[in-house]
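J.: give me a 3D structure for the following:
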Amino acid sequence: MPPRDELAKIRYAKDLPLFEREKPYVVLSELAASDSDFRHTNIELEFGKPQVIQDIRGREAEFTLDSNGFQVCHQRSALGAWEKAHDIEVIYLPEVEALLRNELGPDVTGIKIFDWRLRRNVPHKHAGIDRIDLNDKSNYLLPVTTAHIDQTPRGVLSRVEQQMGKQAEALLRGRVRLINIWRPIKHSVQDWPLALCDGSNLEAADLLATDHITKGYVGETYNLLYRDKYRWYYLNQQTPDEVILFKMFDSKRQVKAHACPHASFKHNDIPLNAPPRESIEVRALVFSSP
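T.: Sure thing, here's the model as predicted:
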């Protein structure tokens with residue numbers, strides 16, 4: 001199929017004067033009635049100017065994790081139904097580990113998958129769901145439409161210590177990457193594809209470190225501030241056999257791209273009766289020799 005570039009607005013966080021005295025945060029847990037004076041977040045959002053989101057269909061091989069922060073690879077999953085968490089963990093997650101080892105090469109010494117999520121572009125109320133439990137993997141989440149990076153370097157360090165325990169100190173002496181593995185399930189993406197920002201021209205001043213608070217864990221993420229310089233890409237009509245790997249963090253200083261901001265965006269021309277996007281995202285710590 002011919003490439004189909006899109007002109008779209010991406011949503012970003014605002015850089016508020018408030019942040020000179022108060023750290024940005026978002027609370028993803030329900031607050032008690034007695035906590036009515038507290039806000040779920042102090043972040044405010046804005047749309048940037050319309051930006052061209054380039055379709056990489058036909059030139060996927062030009063983009064790599066080290067140079068751009070993302071790459072496309074291919075894998076057919078043996079999992080036919082995606083409704084049961086047990087099946088995903090027993091069948092799909094080992095496939096993900098095998099894919100990472102195949103794509104990243106023999107210097108990988110260890111992989112720790114620590115999270116996965118199903119996403120659907122269907123409002124929860126339309127599916128008869130009144131309340132979402134973030135600790136229940138059977139609850140799907142909506143696509144995220146704000147440009148972000150899932151983990152800051154500080155957040156990755158916390159994840160390594162939390163997930164790897166006594167091994168953490170030794171593993172941190174080698175190369176550490178946090179990589180997300182994203183693919184559609186059931187059918188190709190026709191409505192809210194994943195937009196990927198080239199991480200090679202990203203600077204510290206573009207990023208807003210934000211406390212990410214859930215029940216039982218406080219992490220740290222980056223929200224992206226708007227800049228004209230960003231280069232955005234997507235894979236048009238991405239199929240379930242096409243998998244996107246994209247980085248949240250890379251400790252290797254010599255690579256061009258250490259992370260990949262991302263967000264979902266709405267196609268300008270969605271086919272009539274197009275099925276809503278359904279996808280799965282897996283998060284993995286990848287350890288390599290120094």
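J.: select the longest strand from the protein.
T.: In the chain, with assignment by DSSP state E, the single longest strand is strand 108-120.
J.: just the residues contacting that one, thanks.
T.: 82, 88-89, 93, 96-97, 100-101, 127, 137, 140-143, 159, 163-164, 171, 174, 185, 276-289 (CB atoms under 8 Å, 6 or more residues apart in numbering). (Each C-beta comes from the backbone N, C-alpha and C, glycine too.)
J.: name only those of those residues that count as buried.
T.: 82, 88, 93, 96-97, 100, 137, 140, 143, 159, 164, 171, 185, 276-288 (16 or more other CB atoms under 10 Å).
J.: so where's this protein uncertain?
T.: 1, 29-38, 126-134 (pLDDT under 70).
J.: please repeat the previous calculation with a cut-off of 80.
T.: For the chain, residues meeting the criterion pLDDT under 80 lie at 1-2, 29-39, 123-139, 215-216, 290.
J.: just the helices in it please.
T.: Using DSSP state H, the helices found in the chain span residues 65-68, 85-87, 93-104, 153-164, 168-171.
J.: indicate which one of the ones you listed is closest to residue 22.
T.: Nearest to residue 22 among these is helix 153-164; the distance by CB to CB comes to 17.7 Å.
J.: how about the helices of the chain in CSV, adding distance to residue 237?
T.: Formatted as CSV, those follow (distance: least, CB to CB, whole Å):
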stretch, distance to residue 237
helix 65-68, 21
helix 85-87, 26
helix 93-104, 21
helix 153-164, 33
helix 168-171, 38
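J.: for those helices, which one sits closest to residue 194?
T.: Proximity to residue 194 (CB to CB) singles out helix 65-68 among the helices of the chain, at 14.1 Å.
J.: in CSV, could you pull the C-alpha coordinates for that closest one?
T.: Taking C-alpha atoms only, helix 65-68 is exported to CSV below (Å, rounded to 0.1, in the frame of the first residue of the first chain):
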residue,chain,number,x,y,z
LEU,A,65,16.2,1.3,18.4
ASP,A,66,19.6,2.8,18.7
SER,A,67,19.3,5.5,16.0
ASN,A,68,15.6,6.5,16.5
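J.: and residue 269, how many neighbours does it have?
T.: 7 (other CB atoms under 10 Å).
J.: roughly how far does it sit from residue 175?
T.: Distance from residue 269 to residue 175, counting by CB to CB, to the nearest Å: 42 Å.
J.: quick one: residue 239 and residue 190 touch, right?
T.: No: here residue 239 lies out of contact with residue 190, judged by CB atoms under 8 Å, at a distance of 10.9 Å.
J.: what's near enough to touch residue 52?
T.: In this structure, residue 52 makes contact with 5, 6, 7, 232, judged by CB under 8 Å, 6+ apart.
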